[in-house]
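S.K.: Only the shape, not the letters, is given here:
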């Protein structure tokens with residue numbers, strides 16, 4: 001099964017930017033719908049963005065649309081999340097994960113297939 005390792009988190013000031021990466025092992029990455037989810041302190045898991053297997057279609061949560069961009073490099077087996085105009089409410093542990101099926105349907109953010117170990121993003125002045 002695919003293994004996922006996130007990187008790129010850190011401390012950033014409000015209004016700043018970060019790019020998260022998720023390196024995937026195995027040859028099945030190109031066939032996978034992928035997503036980013038996040039968990040803020042004391043809160044549940046929140047779906048952030050998803051992308052189709054070929055990288056041509058994407059979906060975003062309303063709270064990040066227009067600020068975050070998800071992308072997928074199937075040649076390098078890497079998933080990205082470009083985050084701009086970051087706000088304190090974006091502070092969370094960010095995880096890359098696979099969709100359980102090759103569609104954008106997701107009952108809840110907890111219904112992922114595989115998930116990485118996460119990377120911390122802190123937005124603070």
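M.R.: Cool, the structure landed. Being a predicted model, the structure only gives us computed values, none of them experimental. Numbers count the residues shown, from 1 in each chain.
S.K.: Please count neighbours and contacts with C-alpha atoms only from this point.
M.R.: Fine.
S.K.: mind listing the strands for the protein?
M.R.: Counting by DSSP state E, the chain has strands at residues 4-7, 10-12, 18-24, 34-39, 45-51, 58-60, 68-73, 78-83, 92-98, 119-123.
S.K.: Next one: the residue most central in space within the chain from residue 16, what distance?
M.R.: Computing the C-alpha centroid of the chain and ranking residues by C-alpha atoms, centre = their mean puts residue 36 first, at 2.1 Å. According to C-alpha to C-alpha, to the nearest Å, residue 36 and residue 16 sit 19 Å apart.
S.K.: Equivalent analysis for residue 33, please.
M.R.: 28 Å.
S.K.: Quick one: neighbours of residue 15, just the number.
M.R.: Per other C-alpha atoms under 10 Å, the neighbour tally for residue 15 reads 14.
S.K.: Now the phi/psi pair for it, please.
M.R.: phi 90, psi -10 (degrees, to the nearest 10).
S.K.: pretty sure residue 110 contacts residue 38?
M.R.: No: assessed by C-alpha atoms under 8 Å, residue 110 is found out of contact with residue 38, at 10.6 Å.
S.K.: more neighbours, these two?
M.R.: residue 38 (24 against 13).
S.K.: how much space is there between the more buried one and residue 25?
M.R.: Taking C-alpha to C-alpha, one finds residue 38 at 21 Å from residue 25.
S.K.: cool, and residue 58?
M.R.: 22 Å.
S.K.: For stretch 32-52, buried residues please.
M.R.: Buried residues in stretch 32-52, counted by 16 or more other C-alpha atoms under 10 Å: 32-40, 45-52.
S.K.: and that stretch, average pLDDT?
M.R.: Regarding stretch 32-52, the rounded mean pLDDT is 97.
S.K.: outside of it, which residues touch it?
M.R.: Contact with stretch 32-52 is made by 53, 57-61, 64, 70-72, 79, 81, 90-99, 101-104, 108-110, as judged by C-alpha atoms under 8 Å, 6 or more residues apart in numbering.
S.K.: got the end-to-end distance for it?
M.R.: 7 Å.
S.K.: Verify the stated contact: residue 17 with residue 85.
M.R.: Yes: counting by C-alpha under 8 Å, residue 17 touches residue 85, with 6.2 Å between them.
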